[in-house]
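Trainee: Structure for the following, please:
(2 chains)
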Protein chains: 2
Amino acid sequence: MLKLFDTVPLAAPVDLGFVNGALDRAALRRDDAAWQSAAYRAADTRVIAICQDVPVMGWNGTAITPHFTVPQALELGAVDDAVFLGLHSGRSYFAHHVAPEAFEALQARADLKLIGMRSIAMQGLIDPSMLSAFGTAKSLLSWHARHRFCSACGQPSVATSAGWKRVCPACGTEHFPRTDPVVIMLAVRGDVCLMGRGPQFPEGFYSCLAGFLEPGETIEEAVRRETFEEAGIRVGRVKYIQAQPWPFPSSLMIGCIAEALTQDIQIDRQELADARWFTKQEVASILQNTHAEGFSAPPRMAIAHHMMELFVQS
Amino acid sequence: MLKLFDTVPLAAPVDLGFVNGALDRAALRRDDAAWQSAAYRAADTRVIAICQDVPVMGWNGTAITPHFTVPQALELGAVDDAVFLGLHSGRSYFAHHVAPEAFEALQARADLKLIGMRSIAMQGLIDPSMLSAFGTAKSLLSWHARHRFCSACGQPSVATSAGWKRVCPACGTEHFPRTDPVVIMLAVRGDVCLMGRGPQFPEGFYSCLAGFLEPGETIEEAVRRETFEEAGIRVGRVKYIQAQPWPFPSSLMIGCIAEALTQDIQIDRQELADARWFTKQEVASILQNTHAEGFSAPPRMAIAHHMMELFVQS
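Mentor: Next comes the predicted model:
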């Protein structure tokens, strides 16, 4: 056992966003229509509401309530999609996609807060275990909104299995929610590591390189391809560190440390505005917000932050 | 560096299927139409051909040739889809989906072999690095065949970027090939490990449990959920071992060793026909095909085999 599990942590870092979810997904209940109906009618059932990709939450002037009772949720607006998220402390949790037409009216209500998912995660506005449920809700509802038609025959498809599947009545094809694996890696060469900034990043903001894993690739092959494509750096060994769901709209970030074998950076200007080597001292100062040139990096809720920390501590 | 990379291998096991691909995907060339056109016309360019999901290969009565020249490939039948796979030894490789109507005529030809992808991989019929390209081709071509229509608006979409993207002329939505992450895990409790057999498995055939990772889950959370759902066993620590592309049609198998915390198996009969604990001696005899009851397990081309071996050696 020691050999098989040496140094493996039991849980993800507590401040990493969208992980350590507390909901039991109770997947075996998804196709039980009677059970689903009873769960939706139960008085203690709660609903996470999202409108135009933005979470809608209760606000009493002091504190946020991240979910609603079913009657409260139904008053927010028409429900375009509903998904059974799972069970927590004996309660059933559902997610509602509120019709986009309701957005302005919801924003005007003093008893509600509409806050983007990134802000919620970065500011730690809701309980970490509930943040995982929000991420799941956002990914699933966004998938429904982008998949109303069967990709095999073009006819309208319908949601089933409590929102975890769509089927096409015309051709019978079943469609399942997407999860797109993304590799995110910190390439390390001795005492320096490779970070870059996308053209859309704020000035001075550096992070790990990242890219979508493609069909037919392993995690390790994707890390090598992306690091070479974006920065011209060859990678040898690849060590998986930690994964993080990233609901923008439905990625799985697969965090890896990569062993850089070469030194000369060749930037792909389509993907990156800059890429450079950073010493441990520099990375430490960036993480502490004391960098001389004011460089910054992703916050603690992002896996990139934790890989940078791991490098500093190595 | 030692701390960051201790015990991490440089490459996947050589006999693991669909990994260690030798093709440079040359992704930056995909949107260069002039380059693509020249590559397709080059005399040394090669084509992997698939018809009705079955690879089509050349056969001279003695040896298999896993690819064709472009003129040879165009004689096989109408081309429903074409994808640029990448470069290898200076040659460009493409994949063709041959129209299904050609299937019977191709089967009748003495100079061709049509062999299913699983058989090719299990019997090691082609070079391992070419097998990775075949897996990529199969996943991409199967994706095109199942995604001819825009899931957002239902109108026909068209392939672009050398087959790595589809766009909808009607609504402008871009669609990218799917890769579906699957967790596959060997749960270990002291000197025994948990394996099961699906209802569709041959009699006496046992393997690691596995299941699709869902939106909003980490790898570790998916391992815990699937192991509990299928066998009622609680899991603590999870250690990632190795990933494997699995082109049936486009999964990424994420192989993990899981620390089982409980003993009593509760089988979900929808998912499994049986699940039980196996000692190291039993697993060793299964891998060596000397098990007293004739039990068998996945071959060396599958990640499950290597995780079983790791357990025996632990």
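
Trainee: From start to finish, how long is stretch A:111-129 in a straight line?
Mentor: Using Cα to Cα, to the nearest Å, the span of stretch A:111-129 from its first residue to its last is 24 Å.

Trainee: so how far is it from its chain's centroid?
Mentor: The chain centroid and the centroid of stretch A:111-129 are separated by 13 Å, computed with Cα atoms, centre = their mean, to the nearest Å.

Trainee: and the residue in the stretch 51-200 of chain A that chain B sits nearest to, how far is that from A:Ile184?
Mentor: For the stretch 51-200 of chain A, the nearest residue to chain B under the criterion Cβ to the nearest Cβ is A:Thr136, separated by 2.8 Å. Glycine gets a C-beta too; all of them are placed from N, C-alpha and C. As judged by Cβ to Cβ, to the nearest Å, A:Thr136 and A:Ile184 stand 20 Å apart.

Trainee: Which residues are in contact with the residue of the stretch 51-200 of chain A closest to chain B?
Mentor: The contact partners of A:Thr136, by Cβ atoms under 8 Å, 6 or more residues apart in numbering or on different chains, come to A:21, A:23, A:85, A:95, A:245, A:247, B:214-217.

Trainee: Could I get the residues you listed in JSON lines, plus columns for secondary structure?
Mentor: Supplementary listing: the contacts of A:Thr136 in JSON lines, determined by DSSP: H, G, I helix; E, B strand; the rest coil:
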{"residue": "A:Gly21", "secondary structure": "coil"}
{"residue": "A:Leu23", "secondary structure": "coil"}
{"residue": "A:Leu85", "secondary structure": "strand"}
{"residue": "A:Ala95", "secondary structure": "strand"}
{"residue": "A:Pro245", "secondary structure": "strand"}
{"residue": "A:Pro247", "secondary structure": "coil"}
{"residue": "B:Glu214", "secondary structure": "coil"}
{"residue": "B:Pro215", "secondary structure": "coil"}
{"residue": "B:Gly216", "secondary structure": "coil"}
{"residue": "B:Glu217", "secondary structure": "coil"}
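
Trainee: Which one among those sits at the bottom for pLDDT?
Mentor: pLDDT across the contacts of A:Thr136 is at its lowest for A:Gly21, which sits at 86.

Trainee: so it sits right up against A:Ser129, yeah?
Mentor: Yes - taking Cβ atoms under 8 Å as the definition, A:Gly21 is a contact partner of A:Ser129 at 6.0 Å.

Trainee: Neighbour count: those two, which is higher?
Mentor: Between A:Gly21 and A:Ser129, counting by other Cβ atoms under 10 Å in any protein chain shown, A:Gly21 is the more crowded of the two (25 against 13).

Trainee: hmm, back to that, now, among the contacts of A:Thr136, which is nearest to B:Ala63?
Mentor: When the contacts of A:Thr136 are compared for distance to B:Ala63, the smallest value, 44.4 Å, is given by B:Glu214; criterion: Cβ to Cβ.

Trainee: Angles on the backbone of that closest one, please.
Mentor: Listed backbone geometry of B:Glu214 is phi -100, psi 160, with angles given as degrees, to the nearest 10.

Trainee: A:Leu106 versus that one, what's the distance?
Mentor: Noted for B:Glu214: a distance of 28 Å to A:Leu106, by Cβ to Cβ.

Trainee: Could you do A:Leu272 as well?
Mentor: Counting by Cβ to Cβ, the gap between A:Leu272 and A:Leu106 amounts to 38 Å.

Trainee: same question, A:Phe5
Mentor: Noted for A:Phe5: a distance of 47 Å to A:Leu106, by Cβ to Cβ.

Trainee: quick revisit: only the buried subset of the contacts of A:Thr136, as a ChimeraX command please.
Mentor: Burial among the contacts of A:Thr136 is assessed by 16 or more other Cβ atoms under 10 Å in any protein chain shown; the matching ChimeraX selection reads:
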select /A:21,23,85,95,245,247 /B:214,215,216,217
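
Trainee: can stretch A:81-98 be found next to chain B?
Mentor: No - no part of stretch A:81-98 sits near chain B under the criterion Cβ under 8 Å from any Cβ of the partner chain; the closest distance found is 8.6 Å.

Trainee: was I right about A:Arg46 contacting A:Ala95?
Mentor: No - counting by Cβ under 8 Å, A:Ala95 is not a contact partner of A:Arg46; they are 10.1 Å apart.

Trainee: Show the end-to-end separation of stretch A:221-241, please.
Mentor: Terminal residues of stretch A:221-241 lie 16 Å apart, using Cα to Cα.

Trainee: chain center to that stretch: distance?
Mentor: When C-alpha coordinates are averaged (Cα atoms, centre = their mean), stretch A:221-241 and its chain have centres 22 Å apart.

Trainee: That stretch vs chain B: in contact?
Mentor: Yes - where contact is defined by Cβ under 8 Å from any Cβ, part of stretch A:221-241 touches chain B, namely A:221, A:225, A:229, A:236-240.

Trainee: Also stretch A:295-307?
Mentor: No - counting by Cβ under 8 Å from any Cβ, no contacts exist between stretch A:295-307 and chain B, the nearest distance being 10.0 Å.

Trainee: mind listing what's buried in that stretch?
Mentor: Judged by neighbour count (16+ other Cβ under 10 Å), stretch A:295-307 contains these buried residues: A:295-299, A:301-307.

Trainee: what does stretch A:44-54 give?
Mentor: If you call a residue buried by 16+ other Cβ under 10 Å, then stretch A:44-54 has these buried ones: A:45-54.

Trainee: need those residues in a markdown table with distance to chain B and secondary structure, can you?
Mentor: As requested, those are arranged in a markdown table below (distance: Cβ to the nearest Cβ, whole Å; DSSP: H, G, I helix; E, B strand; the rest coil):
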| residue | distance to chain B | secondary structure |
| --- | --- | --- |
| A:Thr45 | 19 | coil |
| A:Arg46 | 17 | strand |
| A:Val47 | 16 | strand |
| A:Ile48 | 12 | strand |
| A:Ala49 | 16 | strand |
| A:Ile50 | 13 | strand |
| A:Cys51 | 19 | strand |
| A:Gln52 | 16 | coil |
| A:Asp53 | 14 | coil |
| A:Val54 | 17 | strand |
